[in-house]
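**Q** heads up, no residue letters with this:
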Ligand SMILES: [Zn+2]
Ligand SMILES: [Zn+2]
């Protein structure tokens, strides 16, 4: 893969999963991969503990292990890589996130009938949930998603908004719902407008491309354009579940962002967020 697009932009990814949640590699394997990619900053963002989905998230015990291991790696590799201990804090995480360098706030689940369903599991699961809990009207489910997401900063205290329109993951072919329908656009833009007033960074997330679900990153172009027009801050991240994907699709994402009017990108450095020209 070609990374010429970086030019003077420091290589940084803040959305990284390890084998302590649903990623493929140990934290140290990922650190070594980041060093060989000549990355400046690597942020780990394990999935916060949610008691109802142990397939994807870290258990409480794994969370302790995760914190200890990333803290150890930070020290051990301090001269070669800026390592950050982050967390992808779900809206319905069981525990508050304490002691992290930064938080990504994400909505992966919605509550229904005293339980939760995952919005990013499969197309079938979304259809099942729409039928079971929203009277067969998927637009009501979509509205529920964006109403929940609008509240993610208050709920989690996050620094970054994770995959803004994750709910469109299985709609690449447009057959699940119409992304131009006001019943989708109105709640989505309302959430965006609300979140733009907060001190948060939106991520351009290439994860669903690397896993073959989508051909463009989150957020979709109309949302990204709106963020750019309203002076929202953005960063590119890969939502990597494998050490080979740490910078997956970044060049294309920069191009995509440029086309949406994004003139500056936020990059995390040793001294905190830095804004670089895109
Ligand atoms: Zn996520
Ligand atoms: Zn993630």
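**A** Looks like it arrived, so ask away. Nothing here was measured: the structure is a model prediction, and the numbers come from that model. Numbers count the residues shown, from 1 in each chain. Ligands and ions are numbered 1, 2, ... in the order given.

**Q** Tell me the residues of the stretch 51-200 of the chain that contact ligand 2?
**A** Proximity of the stretch 51-200 of the chain to ligand 2 (CB under 5 Å from the ion) is limited to residues residue 88. C-beta here means a position set from N, CA and C on the backbone, and glycine is covered the same way.

**Q** all helices of the stretch 1-150 of the chain, in order?
**A** 27-36, 60-76, 123-133, 138-150 (DSSP state H, counting those that start in this stretch).

**Q** Redo these as a markdown table? Include mean neighbour count and mean pLDDT.
**A** A markdown table is the format used below for these (neighbours: other CB atoms under 10 Å; pLDDT from 0 to 100):
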| stretch | mean neighbour count | mean pLDDT |
| --- | --- | --- |
| helix 27-36 | 19 | 98 |
| helix 60-76 | 16 | 98 |
| helix 123-133 | 16 | 97 |
| helix 138-150 | 21 | 98 |
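
**Q** Distance to residue 44 added to those, as TSV?
**A** Listed next are the helices of the stretch 1-150 of the chain as TSV, based on distance: least, CB to CB, whole Å:
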stretch	distance to residue 44
helix 27-36	6
helix 60-76	5
helix 123-133	27
helix 138-150	23
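
**Q** closest to residue 98 out of these?
**A** Among the helices of the stretch 1-150 of the chain, the nearest to residue 98 by CB to CB is helix 60-76 (9.9 Å).

**Q** Taking helix 27-36 as reference, get the angle to the closest one.
**A** Helix 60-76 runs at 40 degrees relative to helix 27-36, counting by axes from the mean of the first three to the mean of the last three CA atoms, to 10 degrees.

**Q** got the contact list for helix 60-76?
**A** Helix 60-76 is touched from outside by 18, 20-21, 27-28, 31, 44, 46, 48-49, 58, 83-85, 95, 99, with contacts defined as CB atoms under 8 Å, 6 or more residues apart in numbering.

**Q** Show me how far that helix is from its chain's centre.
**A** Centroid separation for helix 60-76 versus its chain: 21 Å, with CA atoms, centre = their mean, to the nearest Å.

**Q** Mind telling me which residue of the chain is nearest ligand 2?
**A** residue 239 (4.4 Å; CB to the ion).
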